[in-house]
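Colleague: Sequence and predicted structure, then a few things I'm wondering about:
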Amino acid sequence: MPNQHHTDEELTTYSRTTSLEKSFAAKTQRWLEGRSFIKKTILVLVLVGTCMVIGDGILTPAISVLSAVGGIKVNRSEVDNDVVVIVAVVILVGLFSMQRYGTNKVGMLFAPIVLLWFLLIGGIGIYNISKFGGSVLKAFSPLYMYRYLRYGGKDNWLSLGGVLLSITGTEALFADLANFPVSSVQIAFTLVVFPCLLLAYSGQAAYLVNNLNHSQDVFYRCIPDAIYWPVFVIATLAAIIASQATITATFSIIKQALAHGCFPRVKVVHTSKTVAGQIYIPDINYILMVLCIAVTVGFKNESQIGNAYGTAVVLVMLFTTLLMTLVMILVWHCHWILVFLFTGLSLIVECTYFSIVLFKIDQGGWVPLAIAGVFLTVMYVWHYGTVKRYEFELHSKVSMAWILNLGPSLGLVRVPGIGLVYTELATGVPHIFSHFITNLPAIHSVVVFVCVKYLPVYTVPEGERFLIRRIGPNNFHIFRCVARYGYKDLHKKDDDFEKKLFDNLFMSVKLELMMECSSDSEYSPCEPLSEQSKHFTVNNNENTTSSSNADFSISSVDSAIHSRSPSYVNITIQSSDNCTEVDELEFLNKCREAGVVHILGNTVVRASRESSFYKKIAIDYIYAFLRKICRENSMFLNIPHESLLNVGQVFYV
């Protein structure tokens, strides 16, 4: 969303890397920012990669559970394939049904089961290598890879699609990076996952050398009979855990897309009071469950699901590499030679596998493409409509001159109470306000414009969440409150949100009046700052007000007051006969006791008559349908229904 403000960069969690003007990073950034087409292309790449991750969240449970349950058929040849599918569907329904309870209660079992699983497959690999001979270890030589591809022809080239499946599944380890430190994932992958996978596949290869007719189900065939069923149980549990990881990752990435305005509003539930990353999205959960069951029942075999799964994973890898290039240049400031080597080597491998999955499109590979196409349409249309709605509000906002000409009463009857006007604008007076007061003869004694926005940071500390600004002279009693969240923060239902808002509002009034009434101020006591407005923050350590970094560029009609949470400050203001602090605070309290009304704009977006056919379809049908079925703003912002007032308006794009 293009609602950035210079105050956002003052957050402690905001980090902006600087580069020399003539550096490669600076030149690349200027080149990217100066081309609208390139920025849209990057957005599409991000959205496509996100959609492929969602597709991975659908296909991983299907192939993992179906492969694990397939062990029943291997050991009991009389079991029909339909029975395996039914058992897999039952497990999938149970898996998705337990998502609402969160993973924090059973999460302690995940690590032991996964560790036992890798040790088991590694041990089984060592057993098969020692039993059937270690000559298979020669395959680690690149010479055999070269000979295999050179002399095998097209058939050996296409067989790389099966090789691809040997590396899929490991991405589940990285799916929960939001919940684990990077170092822990690196250590686990290097010391446990990678060695155990090499041993497992080497053991299976050694087994196949002597049992070529068991190639379809080699994993279960090479397990010693004495431990077959224990391994089957652990394999099923490991498949459930891997599925859980990708489902959780899907919830997380949709939550972040939602925060960036790239996904329709859906309900997000926080399932843990201690772990911030554990969330549950009911609507998405049931969509994933239906699609996952449809894939499992529709294909009924692992081969076609494997083709679909491999396609999704390769595309995720490919888009990740392309976007990683930008991270290396713009964020890490890597030398262009290192960027070229990383991108070149990665693309050689990934494009090789991508060329293989192209031959599998008609054999199941079309599934992730279809899923990604649907989600991409939804996300892009929603983002387009959201940005256009914001641009409309930005361009049609009311000038302060118009507000000042109305006078302290705004030309209306000021009734007791506080009106909270919700808007996406962080500056200026929204058009909804003028639309409201031109249609109704009264407005509340205190008006607060509330803007809830997400910033490009992972979290915003509680003490820096609220920005309070006064709009117009003091006797207008108009304020602005900007509540800022990071893309990992959860604006959940919180009875304290309104209380925190008013606490910060009262604190900002105290701070403002303290500056005006300060005895050592260059202004006379209680003289309003009519010419210049100070821009200040509260010093947490010394409990004093610092104005050394005052910003005099902000006009007095929209003066900014950075308000830390009251729990962070301890300010004592000396009384003054001339000061009106007590009177104004009492006035605000009386207005709050009189009642709080939430005023919400209900903006309808429609395509103009001269719009193209595709634009009319996207706006008048797809975007309108998404607005209709998604959660209302009042529910998303947790506004009490009994104190809600909707103001409708229409604009054309």
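Modeller: Perfect, thanks for sending it. Numbers count the residues shown, from 1 in each chain.
Colleague: Quick check: mean pLDDT of stretch 395-408?
Modeller: Averaging pLDDT along stretch 395-408 gives 78.
Colleague: just stretch 646-653 next, same as before
Modeller: Stretch 646-653 shows a mean pLDDT of 78.
Colleague: Now do the buried residues in the helix or strand Ser97 falls within.
Modeller: Counting by DSSP states H and E, the element that carries Ser97 is helix 81-97. For helix 81-97, burial by neighbour count (16 or more other Cβ atoms under 10 Å) applies to Val84, Val85, Val87, Ala88, Val89, Ile91, Leu92, Leu95, Phe96. Where C-beta positions appear, they are placed from N, C-alpha and C, glycine not excepted.
Colleague: biggest strand in this protein by residues?
Modeller: Ranked by residue count, the top strand of the chain under DSSP state E comes out as strand 442-455.
Colleague: My guess is Leu338 contacts Thr325. True?
Modeller: No - between Leu338 and Thr325 there is no contact under Cβ atoms under 8 Å: 10.7 Å.
Colleague: quick one: which of those two has more around it?
Modeller: Of the pair Leu338 and Thr325, Thr325 is the one with more neighbours under other Cβ atoms under 10 Å, namely 18 against 12.
Colleague: mind checking how far that one is from Leu32?
Modeller: Applying Cβ to Cβ, to the nearest Å, the value for Thr325 to Leu32 is 12 Å.
Colleague: so where do the strands sit in the stretch 101-250 of the chain?
Modeller: Shown for the stretch 101-250 of the chain, no strands are assigned by DSSP state E, counting those that start in this stretch.
Colleague: Likewise for the chain?
Modeller: With strands called from DSSP E, the chain shows them at 269-270, 279-280, 413-422, 442-455, 466-471, 478-486, 537-539, 544-546, 558-562, 596-606, 644-652.
Colleague: Would you format those as TSV with distance to Leu588 included?
Modeller: Rendered in TSV, the data for the strands of the chain read as follows (distance: least, Cβ to Cβ, whole Å):
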stretch	distance to Leu588
strand 269-270	31
strand 279-280	35
strand 413-422	8
strand 442-455	6
strand 466-471	12
strand 478-486	10
strand 537-539	19
strand 544-546	20
strand 558-562	14
strand 596-606	11
strand 644-652	20
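Colleague: of all those, which lies closest to Ala200?
Modeller: The closest approach between Ala200 and any of the strands of the chain, judged by Cβ to Cβ, belongs to strand 279-280 at 33.1 Å.
Colleague: What is the neighbour count of the residue lying closest to Gly134 once chain neighbours are set aside?
Modeller: The spatial neighbour of Gly134 that comes closest, neighbours along the chain excluded (Cβ to Cβ, 6 or more residues apart in numbering), is Ala206 at 7.3 Å. The local packing of Ala206 (other Cβ under 10 Å) involves 23 other residues.
Colleague: Point out where the chain drops to low pLDDT.
Modeller: 1-3, 15-21, 74-79, 103-108, 169-179, 273-277, 300-301, 490-495, 516-582, 632-638 (pLDDT under 70).
Colleague: residue nearest the centroid of it?
Modeller: Residue closest to the mean C-alpha point of the chain, counted by Cα atoms, centre = their mean, is Gln256 at 1.0 Å.
Colleague: I figured that one hits Lys488, correct?
Modeller: Yes - at 7.2 Å, Gln256 and Lys488 qualify as touching, with contact defined as Cβ under 8 Å.
Colleague: tell me the contacts of the residue nearest to Phe299 when sequence neighbours are not counted?
Modeller: Once flanking residues are discounted, Phe299 sits nearest to Ile305: 5.0 Å by Cβ to Cβ, 6+ apart. When contacts are counted by Cβ atoms under 8 Å, 6 or more residues apart in numbering, Ile305 touches Leu59, Ala62, Ile63, Leu66, Val295, Thr296, Phe299, Gly364.
Colleague: Verify the stated contact: the last one with Val295.
Modeller: No - Gly364 is beyond contact range of Val295, at 9.1 Å (criterion: Cβ under 8 Å).
Colleague: If you count surrounding residues, which of the two has more?
Modeller: Comparing Gly364 with Val295 by other Cβ under 10 Å, the one with more neighbours is Val295, at 26 against 22.
Colleague: what's the more buried one in contact with, if anything?
Modeller: Going by Cβ under 8 Å, 6+ apart, the list of residues near Val295 reads Ile58, Leu59, Ala62, Ile305, Ala308, Val367.
Colleague: Relative to Leu95, how far out is Phe110?
Modeller: 13 Å.
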